[in-house]
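**Student:** Here is my input; please provide its structure:
(chains A and B)
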Amino acid sequence: MRRFIGFVKKEFLHIFRDYRTLIILFGIPASQIIIFGYAVSNDIKNAGIAVLDYSKDEITATITSKLISSDFFFLAGEPRSESEIDAVFKKGKVKAVIIFGNDFGKKVESGQAPSMTIIADGSEPNVANLVTNYTMAIVNDYIQEYGAGTGTSMKLPVTPEVRMMYNPELKSHFMFVPGVITLILILVCALMTSVTITREKEFGTMEVLLVSPLKPVQIIIGKVAPYFVLSFINVLVILLLSYFVFKLPVKGNLVLLLVESMLYILMGLSLGILISTLASTMQQAIFISFLGLMLPTLLLSGFIFPIEYMPKIYDYFSFILPPRWFVVIIKSIMIKGTGLAEIWRETLFIVAATIIFIGISVRKFKTRLE
Amino acid sequence: MRTILYLIRKEFLQIFRNKLISRAIFAVPILQMLVLVPAVTFEIKNVRIAVVDNDLSAESRGLVNMINGSEFFIAKGYVSSVDEAVSLMHNNGCDVILNFPAGFGRDIGTGEGAELQAIVNAINAVSAQLSWAYLNGVIRDYNLDLAAGQGITTKMHEISTVDISNRYWYNEMLNYKYYMLPGILVILVTAIGFLMSGLNMVREKETGTIEQINVTPVKKYQFILSKMIPFLIISLIDLSLGLLIGKFAFSIPFEGSIAVMFFGATLFLIGILGLAIFISTFSDTQQQYMFIAFFFTMIFVLMSGIFTPAESMPEWAQKFNIVNPVAHLMRINRMVMLKGSGIADIKSELVALSLLAATFSLLAVWRYRKTV
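**Tutor:** A predicted model of the protein is given here:
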C-alpha cells in the first residue's frame, strides 16, 4: 500500500510540475464557459435585411422603420429590382429580402389585402426560419394596430399566450453549461489518461513499471487517480462560474450532481484506459480520442441538436454514447431540479458503460513485451 | 527545392508507415460526414404536446385535432390539470403543454376572443422558439378557418391581414444537410490539419529527432514548409472527399466554382498550419500541444457561426472573428457551395485569410529555433 501511495504521489508530481498543461486544463473550461455564455447565442440579433419597396408610401416606410428599429434587424441593402436580389444574397450580409407589392399603402387604407413577399436565405435554415417569423409578426402587429386606430379592428378568435418553462429569457447558457461540462469531461478524461499511459508505452518506461513490484491494476489506478481529482476540480470550477457569472444555480441536489459527475468522470477515465490499450503511440491515442470523440460528442449527445429531431436510427445509435445520458442527467438536476428517482436509468447506463470499458481493457491489457 | 522535396517525401513515408494514422486521416472524416450530417437538424418534428382541456368543447377539440394533424406535433394525450402536465414535462414526458381555459369555446362563439395558454420547455432555446413559431402558425390557420366558417372572412381581410408569401432561396425546403455539410467539413479539415502538423513537430522534439534535423544544413523555412505541405495536401484531399460525399451521398448541389473554394481552403490551411507550428514551438510534449490544439479548435469552431448565427454575437466576439480563420472559411464554404458566390463576393474573407496565412507562417518561421 505504501508503495502504491508513493507511486500516486509521483504521478501527481509529474502533472503539477507541468504548469503549462495545468493552466490549459483549467483555462479551457473556464474560458469556454465564459465565451459561450457571453458570445454564442441562438437568438437573432442584428440580422441584415434588404427591402425592395415597389409601393414607396408612408405605410411601407413605417413598417420598414419598425423592422429596423427592432433589435432583430438592420437595413443592409435596398435592391432596385428582383433581379438584384441574388447578388445581394451572394455577398452574405443579407439574411432576408422583404418585398412590398404595388400600392401596399393604398390597399391597407381601402381595406384590401396588400401583398408582400419575404425571401429568406435558406443556406442558414434556423436564421431563415426565425427571420421570416419575426418579420411576419412585426408586420401583422403593425397592421392590427393600424386597424385599431381606424376603429375597424376585431379580436382574433384565439389569442395564444406562451410561457417559456425553465428558461423564460431563452438564454443559451442553459444549454451550454451542461454541454460544456459533458464535452470537457469526456475529452479531458479520455485524452489525458490514454495519452499518459501510451506515453509510458512509447518511451518504454511502461516496462520499467511492469517489472516493479506494483501490480498492473495499481499502476493504472495510480496513473488515473490524479486525473480523477483534476476533472472533479474542473466540475467545481465550471459550476462556480456558472453560478457567479450567469446566476445559474443548481436547482436540484448538489451532492447528487457531484456524485453523478464522479460516475461520469470514471466512465471517461475507463474509456481513456480502453483507448490506451488499443493505441501504441501517443499520436494514435490523441487521434482516436480527439478526432473520434470531439464531433460525435458535440453533435450526437443532444447538447446542441435535440435527439428527438434526428432520424430514428440515431436514437438507438446514441444509446451507446454515454455523453447523451449525462446531458440528460445534468440538465435534469441543474435546471429542472429532479431527483435520482427520475434519472436512475441514465445513471445505470453510465455505470454499465464504465464496467464494459474496464472489462475490455482488462482483457486487452498486456503485461508482456510484444 | 530538392531539399524540400526530400523532406516532404520523408514526412509522407512516416505518415503512411503508421497504419492506424494513415487510415484514420481519411476514414474518420468520411465516416463522420456520413454519420453526422444527416443527424444534426433543427427540423422540428414529433414535438410532444400534452393537453389540459378545462373546456371540453368542440372548439378546443377542433384545435387539438388540427395541431395533431400537422407533421410537427403529436398530442401525447389529455392530462387533468396543469400541475400534472408540468410534472410530465419535468420527467421529459412532453415538450409543450396546451392549456384550454374553461369557456374557451363560448368565448370564440361570442366573438369575445378566447385565450389559450402554451407552456414550452425552453431549456434548449432554439427548439423552444421554433416549436412555438410552428404552433403559432397552426393557431393562425385555425383562426382563419374559424373566421371563414363564421362568414367574417371579408371583415377579417378588411382589417387585419396582409397577404404574406414567403420563400427560402438556395435551400427551398430548409434542408439542414445543406447547412451542416459545409460546416462539419470545415471542422474536420481544421481538426486534422491543426492536430497532425503540430503533433508531428512536437513529436520530433519529444523524441529528440529534431536535433538531428537542426544539425543539417536544412534552412528554417525549408523545414517548416516540409512540415506544412504534406498536411496541406492531406487536408485538401479530405476536403475533396467531403465534397464528393455531399454530392453523391446527400445530393447537395454545388452552385459555385470549385476552384474558388479550393483557393479559399488553401489560404485557410496555410494559416492554420502556420499557427499549428507556431504553437508547437511553445510545447515540449505532445500532451501539451494537444490541449492547446483542443482549446483553439473549440473556440475557433464554436465562435465561427457553425451552429449559431455569427451576426448575433456581441461586438467583441465579432471582432475576434476577424482573426478566426475558421469563421472565414465557414462563410466561404457555405456561400460558394450553396449560393454560388464568386471571388468578388467573398473578397473580404479572402483578404483576411491571406493576411492570417502570411502572419501565422511568418510567426512560425520566426519562432522556430534551430538552436537548443
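**Student:** ok, the closest residue to residue A:189 other than its chain neighbours - contacts?
**Tutor:** Nearest residue to residue A:189, sequence neighbours excluded (CB to CB, 6 or more residues apart in numbering or on different chains): residue A:268, at 2.8 Å. To be clear about C-beta, it is placed using only N, CA and C from the backbone, and glycine gets the same treatment. Contact analysis of residue A:268 by CB atoms under 8 Å, 6 or more residues apart in numbering or on different chains lists A:185-186, A:188-190, A:193, A:231.
**Student:** May I have the predicted confidence score for residue A:268?
**Tutor:** In this prediction, residue A:268 carries a pLDDT score of 93.
**Student:** what helix or strand is it on?
**Tutor:** Using DSSP states H and E, residue A:268 maps to helix A:254-278.
**Student:** Ok, residue B:48 next?
**Tutor:** With DSSP H and E as the test, residue B:48 turns up in strand B:47-53.
**Student:** Name the residues that touch that strand?
**Tutor:** Contacts of strand B:47-53 (CB under 8 Å, 6+ apart): A:308, B:60-61, B:64, B:67-68, B:72-82, B:84-85, B:88-89, B:93-100, B:131, B:134.
**Student:** So which of those sit within strands?
**Tutor:** If you go by DSSP state E, these have B:73-79, B:96-100 in strands.
**Student:** Okay, now the unreliable bits of the chain?
**Tutor:** You didn't say which chain, so I picked chain A. For chain A, the stretches with pLDDT under 70 are A:148-156, A:367-370.
**Student:** oops, chain B please
**Tutor:** B:147-161, B:371-372.
**Student:** Can you tell me which residue sits nearest the middle of it?
**Tutor:** residue B:306 (3.2 Å; CA atoms, centre = their mean).
**Student:** Backbone dihedrals for that one, please?
**Tutor:** Backbone torsions of residue B:306, given as degrees, to the nearest 10, read phi -80, psi -40.
**Student:** Skip the chain neighbours and tell me the closest residue to it.
**Tutor:** Leaving aside its sequence neighbours, residue B:306 sits nearest to residue B:183 (CB to CB, 6+ apart; 4.2 Å).
**Student:** Quick check, that neighbour in contact with residue B:331.
**Tutor:** No. Here residue B:183 does not reach residue B:331: they are 10.4 Å apart, not a contact under CB atoms under 8 Å.
**Student:** what's residue A:359 in contact with, if anything?
**Tutor:** Contact analysis of residue A:359 by CB under 8 Å, 6+ apart lists nothing.
**Student:** what are the ranges of the helices in the stretch 101-250 of chain B?
**Tutor:** B:104-109, B:125-149, B:153-160, B:176-207, B:209-214, B:220-248 (DSSP state H, counting those that start in this stretch).
**Student:** Can you give me the distance of the residue of chain B most remote from its centre to residue B:296?
**Tutor:** The outermost residue of chain B relative to its centre, with distances by CA atoms, centre = their mean, is residue B:110 at 49.0 Å. Computed as CB to CB, to the nearest Å, the residue B:110 to residue B:296 distance reads 64 Å.
**Student:** Enumerate the residues of the stretch 201-350 of chain A near chain B.
**Tutor:** A:279, A:281-284, A:286-288, A:290-292, A:294-296, A:299-300, A:304-306, A:308-311, A:314, A:328, A:331-332, A:335-336, A:338, A:342 (CB under 8 Å from any CB of the partner chain).
**Student:** Buried ones among the residues you listed?
**Tutor:** Among those, the ones that count as buried by 16 or more other CB atoms under 10 Å in any protein chain shown are A:279, A:281-284, A:286-288, A:290-292, A:294-296, A:299-300, A:304-306, A:309-310, A:314, A:328, A:331-332, A:335-336, A:338, A:342.
**Student:** that older thread, dump the ones in strands among the contacts of strand B:47-53 to a markdown table, plus neighbour count and distance to residue A:166.
**Tutor:** Formatted as a markdown table, the ones in strands among the contacts of strand B:47-53 follow (neighbours: other CB atoms under 10 Å in any protein chain shown; distance: CB to CB, whole Å):
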| residue | neighbour count | distance to residue A:166 |
| --- | --- | --- |
| B:73 | 24 | 20 |
| B:74 | 16 | 21 |
| B:75 | 17 | 22 |
| B:76 | 19 | 18 |
| B:77 | 12 | 22 |
| B:78 | 12 | 23 |
| B:79 | 20 | 18 |
| B:96 | 26 | 13 |
| B:97 | 25 | 12 |
| B:98 | 24 | 17 |
| B:99 | 21 | 17 |
| B:100 | 24 | 22 |
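**Student:** nearest to residue A:245, of those?
**Tutor:** residue B:96 (30.4 Å; CB to CB).
**Student:** Just give me the neighbour total for the nearest residue to that closest one once chain neighbours are set aside.
**Tutor:** Nearest residue to residue B:96, sequence neighbours excluded (CB to CB, 6+ apart): residue B:49, at 4.8 Å. Here the number of neighbours of residue B:49 (other CB atoms under 10 Å in any protein chain shown) works out to 23.
**Student:** got it, and residue A:262?
**Tutor:** Residues contacting residue A:262 under the criterion other CB under 10 Å number 14.
**Student:** what sits against residue B:287?
**Tutor:** Counting by CB under 8 Å, 6+ apart, residue B:287 has contacts A:21, A:192, A:195-196, A:199, A:282.
**Student:** which SS state does it fall under?
**Tutor:** helix (DSSP: H, G, I helix; E, B strand; the rest coil).
**Student:** Then residue A:75?
**Tutor:** Taking three-state DSSP as the rule, one finds residue A:75 in the strand state.
**Student:** Equivalent analysis for residue A:171, please.
**Tutor:** Once three-state DSSP is applied, residue A:171 turns out coil.
**Student:** Okay, it and residue A:305: tell me how far apart.
**Tutor:** 18 Å.
**Student:** Same question for residue A:218.
**Tutor:** If you go by CB to CB, the gap between residue A:218 and residue A:305 works out to 42 Å.
**Student:** all strands for chain A, in order.
**Tutor:** For chain A, strands defined by DSSP E occupy the ranges A:47-53, A:73-77, A:94-100, A:115-121, A:158-165.
**Student:** most neighbours per residue, which of those?
**Tutor:** Most buried of these, by mean neighbour count (mean count of other CB atoms under 10 Å in any protein chain shown): strand A:94-100, with a mean of 24.
**Student:** Can you report phi and psi for residue B:254?
**Tutor:** Here residue B:254 shows phi and psi, under degrees, to the nearest 10, equal to phi -110, psi 100.
**Student:** Please name the residues that touch it.
**Tutor:** Counted by CB under 8 Å, 6+ apart, residue B:254 has contacts B:243, B:246-247, B:337.
**Student:** Adding distance to residue A:275 and neighbour count, write those out as a markdown table.
**Tutor:** As requested, these are exported to a markdown table (distance: CB to CB, whole Å; neighbours: other CB atoms under 10 Å in any protein chain shown):
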| residue | distance to residue A:275 | neighbour count |
| --- | --- | --- |
| B:243 | 30 | 21 |
| B:246 | 30 | 22 |
| B:247 | 34 | 13 |
| B:337 | 34 | 24 |
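**Student:** what two of those residues have the greatest distance between them?
**Tutor:** Among the contacts of residue B:254, B:247 and B:337 lie farthest apart (CB to CB), at 10.2 Å.
**Student:** Buried ones in stretch A:233-252, by neighbour count?
**Tutor:** Across stretch A:233-252, burial judged by 16+ other CB under 10 Å covers A:234-235, A:238-239, A:241-242, A:246, A:248, A:250, A:252.
**Student:** can you check stretch A:105-116 too?
**Tutor:** Neighbour-count burial for stretch A:105-116 [16+ other CB under 10 Å]: A:105, A:107-108, A:113-116.
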